[in-house]
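Asks: sequence first, then the predicted structure, then my questions.
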Amino acid sequence: MTEFLHFFGTTGLAQLQIPYLIMIIIGSIFIYLGITKHYEPLLLIPIGFGVILGNLPGTEIYGVYSTGSVMNQLYTGVKFGLYPPLIFLGIGAMTDFSTLIANPKLILLGAAAQFGIFATFIGSLLLGFNVLESGAIGIIGGADGPTSIFLSTKLAPHLLGPIAIAAYSYMALVPVIQPPIIKLLTTKKERLIRMKTSRIVKKREKILFPIIAALVTILIAPGASSLLGMLFFGNLLKESGVTERLARTASNSLIDIITIVLGLCVGASTQAIRMVNGVNMGFLTASSIKIFALGAFSFAIATATGVIFAKVMNLFLKDKLNPMIGASGVSAVPDSARVVHAMGQKYDRSNFLLMHAMAPNVAGVIGSAVAAGVLLGILGN
């Protein structure tokens, strides 16, 4: 019996505490939502399993914060911001900017939706976070997981776990959060608006776009050069027509591998209890709750400002925009565009809004990265 009790004392069961159980349940919910509801399963399943893995008691010496462990080596790519640019490379290689090139005024909708970032920045300051923490939290408003991770590693690495989880959670909940806000801010007549078919974009325009866009955006926000540079480099690989193998690798194998490792590491970083110099830096703190509340607020604001700005633009446009596409100005590509398209189909089965919505959607990716670069440039020095 003595030997059995000694063995039991070395197991995780003997060290299991309520906070660990709570986090394991949260991780299980993420997996459930990914499998049964299809809410961004490519993100929620790795993150959910990572949450469970990071909160199994007795495994701390093998976790992401234990120097030299396997998970710690993988976490290095998160800690030093290596994975987000590689994600952007893959996004660029799979993105078609044709609708944005054909209708460049829609980039304004992507810019308008970034208001959520700066509203959240102000809200974070009011809730007691310092200016660097507020800058990192604010980027959640862009609904862009990789950018949130990138900026938090630079400004507030101690908040990386809650910020990343909040950003990816709200990205996954796009089909739940956005429809009621869109419906509240638009009339049935507006939801039925049909937009003109975009012109055909020439191949030369597609090739020149990533080069010109990289020059313009990086000159505005040098701090985001690694994100924007990789985004437009990936797109150039796709559109050049002579690097199909590289584009295919970036948009398939590479981004899949990075997504697996990034999701698992981000999830595993959310340890319920993590003592640093006598202070609990774990996930279950008041700060995490505030960050999740701010995330919901920021996503709602970003969606609302995109829709409202589209309605304002209609006051000056002869060819009216369907204001619902303003909601896709957030960076949740392509889920937000799909939500807008599905809502349009609900009211008119022959109204196809997907390609129109993709323009502000991809503009939102660029906009959130530029916003992160601006915040990094101002706050990081």
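Replies: Looks like it arrived, so ask away. Numbers count the residues shown, from 1 in each chain.
Asks: now the helix or strand harbouring Leu208: buried residues?
Replies: Using DSSP states H and E, the element containing Leu208 is helix 203-220. Neighbour counts over helix 203-220 (16 or more other Cβ atoms under 10 Å) mark 206, 209-210, 213-214, 217-218 as buried. C-betas here are computed from N, CA, C, even on glycine.
Asks: what of stretch 271-286?
Replies: Neighbour count says stretch 271-286 has 271-274, 281-285 buried, by 16+ other Cβ under 10 Å.
Asks: cool, stretch 362-381 as well?
Replies: Buried, per 16+ other Cβ under 10 Å, within stretch 362-381: 362-376, 379.
Asks: just to revisit the earlier point, where's the dip in pLDDT among the buried residues of stretch 271-286?
Replies: Lowest pLDDT of those: Met281, 72.
Asks: number of nearby residues for Ala302?
Replies: 32 (other Cβ atoms under 10 Å).
Asks: do the same with Ala337
Replies: So Ala337, with other Cβ under 10 Å, has 27 neighbours.
Asks: nearest residue to it in space, ignoring adjacent ones along the chain?
Replies: Ala357 (3.8 Å; Cβ to Cβ, 6 or more residues apart in numbering).
Asks: spit out the contact partners of the one you found.
Replies: Listed by Cβ atoms under 8 Å, 6 or more residues apart in numbering, the contact partners of Ala357 are 324-325, 328, 336-337, 340-341.
Asks: where does it sit, in terms of helix or strand?
Replies: Going by DSSP H and E, Ala357 is part of helix 354-379.
Asks: quick one: mean pLDDT over that helix.
Replies: In the prediction, helix 354-379 has an average pLDDT of 92.
Asks: which one of the buried residues of stretch 362-381 is nearest Ala302?
Replies: Gly364 (8.4 Å; Cβ to Cβ).
Asks: then stretch 54-70 to PDB, C-alphas only?
Replies: Output of stretch 54-70 as PDB, limited to C-alpha atoms (Å, rounded to 0.1, in the frame of the first residue of the first chain):
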ATOM      1  CA  GLY A  54      -1.200  22.200 -21.300                       C
ATOM      2  CA  ASN A  55      -3.400  21.600 -18.200                       C
ATOM      3  CA  LEU A  56      -2.700  18.000 -17.400                       C
ATOM      4  CA  PRO A  57      -1.100  18.300 -13.900                       C
ATOM      5  CA  GLY A  58       2.300  16.900 -13.500                       C
ATOM      6  CA  THR A  59       3.300  17.700 -17.100                       C
ATOM      7  CA  GLU A  60       4.700  21.200 -16.400                       C
ATOM      8  CA  ILE A  61       8.300  20.100 -16.900                       C
ATOM      9  CA  TYR A  62       7.300  19.000 -20.400                       C
ATOM     10  CA  GLY A  63       5.200  22.100 -21.300                       C
ATOM     11  CA  VAL A  64       5.800  25.200 -23.400                       C
ATOM     12  CA  TYR A  65       7.300  27.100 -20.500                       C
ATOM     13  CA  SER A  66       9.800  24.500 -19.500                       C
ATOM     14  CA  THR A  67      13.200  25.400 -21.200                       C
ATOM     15  CA  GLY A  68      14.500  22.600 -23.300                       C
ATOM     16  CA  SER A  69      11.300  20.500 -23.600                       C
ATOM     17  CA  VAL A  70       9.900  19.600 -27.000                       C
END
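Asks: tilt between the helix holding Ala357 and helix 203-220?
Replies: 20 degrees (axes from the mean of the first three to the mean of the last three Cα atoms, to 10 degrees).
Asks: the nearest residue to Leu173 once chain neighbours are set aside: what's it in contact with?
Replies: Counting by Cβ to Cβ, 6+ apart, Leu173 lies nearest to Tyr39, which is 6.4 Å off, once chain neighbours are set aside. Counting by Cβ under 8 Å, 6+ apart, Tyr39 touches 33, 172-173, 175-176.
Asks: how close does Tyr39 sit to Val261?
Replies: As defined by Cβ to Cβ, to the nearest Å, Tyr39 lies at a distance of 21 Å from Val261.
Asks: now, which of the contacts of Tyr39 lie within helices?
Replies: Among these, the ones falling in helices (DSSP state H) are 33, 172, 175-176.
Asks: let's have those residues in CSV, adding neighbour count.
Replies: Shown next, in CSV, are the ones in helices among the contacts of Tyr39 (neighbours: other Cβ atoms under 10 Å):
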residue, neighbour count
Leu33, 20
Ala172, 25
Pro175, 17
Val176, 13
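Asks: quick one, which of these has the minimum pLDDT?
Replies: Scoring these by pLDDT puts Ala172 last, at 80.
Asks: that one and Leu43 touch, don't they?
Replies: Yes. Under the criterion of Cβ atoms under 8 Å, Ala172 makes contact with Leu43 at 6.2 Å.
Asks: run the chain-centre distance for stretch 123-137.
Replies: Centroid separation for stretch 123-137 versus its chain: 19 Å, with Cα atoms, centre = their mean, to the nearest Å.
Asks: ends of that stretch, how far apart?
Replies: Start and end residues of stretch 123-137 are separated by 10 Å (Cα to Cα, to the nearest Å).
Asks: could you list the low-confidence segments of the stretch 151-300 of the chain?
Replies: 275, 278-280 (pLDDT under 70).
Asks: if you set the cut-off to 50 instead, what comes out?
Replies: Of all residues in the stretch 151-300 of the chain, none has pLDDT under 50.
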